[in-house]
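Novice: turn this into a structure:
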Amino acid sequence: MRSFLRRGLLLSGLGFMALTSQAQTAAVNKADSVSLRKIYDEALLRGQSYENLRYLTGQIGGRLSGSPQAEQAVQWGKTTMEKLGLDRVYLQEVMVPHWVRGAKEKAEIKPEKGKGVEMNVCALGAPWAPTASSKPRWWR
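Specialist: Residues are numbered from 1 along each chain as shown. Below is the predicted model:
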């Protein structure tokens with residue numbers, strides 16, 4: 001008889017805990033949903049994301065690693081975040097490989113018979129030639 005009562009009490013307690021847990025989860029989910037909706041509305045109604053993107057692409061332009069435009073974009077980003085009032089805005093020094101286009105080259109495809117076709121060629125890759133004695137060049 002005691003084991004029957006213990007089981008009943010145990011099951012009742014577990015059931016109560018499950019119901020309480022579900023109620024708490026529902027309340028947390030509702031609060032999360034409200035918070036997410038506020039963020040979403042703020043971004044859509046008063047957000048600057050598209051204006052920032054338009055400025056980066058239209059005014060600063062392409063930002064290849066190590067280029068003046070990349071440096072300009074970094075400085076613009078720092079200034080923009082400071083103007084937004086973010087409490088910790090700082091730049092970290094990083095090593096960035098920098099590629100400089102060499103002289104234009106031409107190649108010719110020569111079939112066994114007939115006239116060859118001349119064309120411009122460009123090989124892209126690391127900014128240094130990987131030889132046993134070479135070391136990469138890095139710019140800051």
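Novice: what separates Ser35 from Gln72, distance-wise?
Specialist: 36 Å (CB to CB, to the nearest Å). In this view, the C-beta of every residue, glycine as well, is placed from N, C-alpha and C.
Novice: compare these two (neighbour count), which wins?
Specialist: Neighbour count, other CB atoms under 10 Å: between Ser35 and Gln72, Gln72 has more, with 15 against 10.
Novice: quick one: low-confidence parts of this protein?
Specialist: 1-11, 13-28, 99, 123-140 (pLDDT under 70).
Novice: try it again with 90
Specialist: The chain contains residues with pLDDT under 90 at 1-52, 62-68, 84, 93-140.
Novice: tell me where it has helices.
Specialist: Using DSSP state H, the helices of the chain run over residues 2-46, 49-55, 68-83.
Novice: tell me the contacts of Glu82?
Specialist: Val89 (CB atoms under 8 Å, 6 or more residues apart in numbering).
Novice: then Ala73?
Specialist: Contacts of Ala73 by CB under 8 Å, 6+ apart are 56, 60, 63.
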